[in-house]
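Trainee: Prediction below, plus the sequence it came from.
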Amino acid sequence: MNADVLLVAITIVMALIFDFLNGFHDAANSIATVVSTRVLSPKLAVVWAAAFNFLAAFFLGTAVAKTIGRGMIRLDDVNQYVVLAGLFGAIVWDLLTWWWGLPTSSSHALIGGYAGAAMMHATVHSGLRSSFSVIIASGWYKTLIFIVVAPVLGLALGLLFMIAVYWLLRHKAPQQVDTWFRKLQLLSAACYSLGHGGNDAQKTMGIIAGAMYTGGFMSKQDMLGSWGHFHWPIILAANAAIAAGTYFGGWRIVHTMGQKITKLKPVGGFCAESAGAITLFGTALAGIPVSTTHTITGAIVGVGSVHRFSAVRWGVATRIVWAWIVTIPASALMAAGTYWLIHLFQAQA
């Protein structure tokens, strides 16, 4: 095995490790509501979520993967070390926020790391003024806009669904409503997990495709089309990795998402998951790489605020928002520093 092939293999393994950690870190998004409402035990919930994260491979296409793979960073300014450094920055940030119990966005950590490494690559080879030339502005506009839009849309849909359910079932006994929504929440949790797998696994697919392109294993025509004969192996590997990560779960963040923001009942869990699923289905099909974490957090806040705004623990929500704001620059700095160290090592070798 020559050095180029080995480097591509290492990059793909790193991408799948990130995908696993994405599922591990974001397991809370898929299962926090269904666990906190006691509809499923934690063990059953992770199996349920992991299964639908994997099944997303067959339903939601690859539009997001293509945005990540060719629509955010100029491929001519990317090499294997850029991809590796970007993945390392994202993985470190994911592990730190998992340890702190913060439901930050693995997606934004990935694109931040990718951008930071690519900008450092341009800087060390062509000077600081060239650093922003690697960025494809059109791909970033919709991503940055949806940092705000996705949680707001989740919040609005969660709020509307709760109001609609309360109005439609206002004459029903609370025990009967609770029984109905314990069953319906299985469906909403499945749909949310499908949306989570469909959106987040695709980001790793895009990174893998980019690594294979820079390694000479995929042509530019493949990148613009359907990735040739690598199509299904990339899709299945990415969805299997995120499903495995979801199965092993991130229990620190489950506690924050399921209990600390607001207390949920099955009807609230159903409305939050449904709002999140609809948002994720739409953005996945449109090729917009949004944060599943932001989306479900917004939906949970919307559901909780139906009763009264004081039902939402705004201190916790504010801490989460600050973590969102710093994710892209923090992971970019970590990835840029990693690439700089790689460059120094190569220069001295």
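Mentor: Alright, I've got the coordinates. None of these values were measured; they are calculated from a predicted model.
Trainee: lowest average confidence, helix or strand, in this protein?
Mentor: helix 251-255 (a mean of 53; mean pLDDT, DSSP states H and E).
Trainee: and the next helix or strand after that one, which residues are buried?
Mentor: Remark: after helix 251-255, the chain's next helix or strand is helix 266-286, criterion DSSP states H and E. Using 16 or more other Cβ atoms under 10 Å as the test for burial, helix 266-286 gives 266-281, 283-284. Using the backbone N, CA and C atoms, a C-beta is placed for each residue, glycine as well.
Trainee: Strands of the protein, start to end?
Mentor: Per DSSP state E, the chain carries no strands over any range.
Trainee: Would you tell me which helix is longest in it?
Mentor: When the chain is parsed with DSSP state H, its longest helix is helix 174-214.
Trainee: Quick check: mean pLDDT of that helix?
Mentor: On average, the pLDDT along helix 174-214 is 85.
Trainee: Also stretch 91-101?
Mentor: 81.
Trainee: cool, and stretch 281-296?
Mentor: So the average pLDDT for stretch 281-296 ends up being 84.
Trainee: Give me the neighbour count for Ala117.
Mentor: 34 (other Cβ atoms under 10 Å).
Trainee: I figured it was touching Leu341, is that so?
Mentor: No. Using Cβ atoms under 8 Å, Ala117 makes no contact with Leu341, being 11.2 Å away.
Trainee: Please, where are all the helices along this protein?
Mentor: For the chain, the helices defined by DSSP H occupy 3-36, 42-55, 63-70, 80-100, 106-126, 137-168, 174-214, 220-224, 231-248, 251-255, 266-286, 292-304, 314-348.
Trainee: Same question for the last one: list its buried residues.
Mentor: Buried residues in helix 314-348, defined by neighbour count with 16+ other Cβ under 10 Å: 316-317, 320, 323-324, 327-328, 330-340, 342-343.
Trainee: Identify the residues contacting Ala15.
Mentor: 83, 87, 204, 207-208, 211 (Cβ atoms under 8 Å, 6 or more residues apart in numbering).
Trainee: And the residues you listed, which is closest to Thr295?
Mentor: Thr204 (18.2 Å; Cβ to Cβ).
Trainee: who are the neighbours in contact with that closest one?
Mentor: 15-16, 18-19, 22, 110, 238, 241-242.
Trainee: Quick one: which of these has the lowest pLDDT value?
Mentor: Asn22 (79).
Trainee: and Ala51, how far is that from Ile31?
Mentor: 12 Å (Cβ to Cβ, to the nearest Å).
Trainee: More neighbours: these two, which one.
Mentor: Legend: neighbour count by other Cβ under 10 Å for Ala51 and Ile31, higher for Ile31 (29 against 16).
Trainee: do you know how far the more buried one is from His171?
Mentor: In terms of Cβ to Cβ, Ile31 sits 32 Å off from His171.
Trainee: Can you report how many residues lie near the closest residue to Pro151 other than its chain neighbours?
Mentor: Counting by Cβ to Cβ, 6 or more residues apart in numbering, Gly298 is the residue found nearest to Pro151 once chain neighbours are left out, at 3.1 Å. Other residues within reach of Gly298, judged by other Cβ under 10 Å, total 28.
Trainee: From Ala190, how far out is Gly298?
Mentor: In terms of Cβ to Cβ, Gly298 sits 20 Å off from Ala190.
Trainee: What of Asp4?
Mentor: 42 Å.
Trainee: With Asn22 instead?
Mentor: Taken as Cβ to Cβ, the span from Asn22 to Ala190 is 19 Å.
Trainee: Between these two, which has more neighbouring residues?
Mentor: Shown here are Asn22 and Ala190; by other Cβ under 10 Å, Asn22 has more neighbours (29 against 19).
Trainee: my guess is that one meets Ile242, correct?
Mentor: Yes. Using Cβ under 8 Å, Asn22 is in contact with Ile242, at 5.8 Å.
Trainee: which neighbours do these two share?
Mentor: Common neighbours of Asn22 and Ile242 (Cβ under 8 Å, 6+ apart) are 200-201, 204.
Trainee: give the contact list for the residue nearest to Ala190 when sequence neighbours are not counted.
Mentor: The shortest distance from Ala190 to any non-neighbouring residue, by Cβ to Cβ, 6+ apart, is to Phe52 (4.8 Å). By Cβ under 8 Å, 6+ apart, the residues touching Phe52 are 30, 190-191, 193-194, 197.
Trainee: Rebuild those residues as JSON lines, extending it with distance to Val78.
Mentor: Formatted as JSON lines, the contacts of Phe52 follow (distance: Cβ to Cβ, whole Å):
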{"residue": "Ser30", "distance to Val78": "31"}
{"residue": "Ala190", "distance to Val78": "36"}
{"residue": "Cys191", "distance to Val78": "35"}
{"residue": "Ser193", "distance to Val78": "31"}
{"residue": "Leu194", "distance to Val78": "31"}
{"residue": "Gly197", "distance to Val78": "26"}
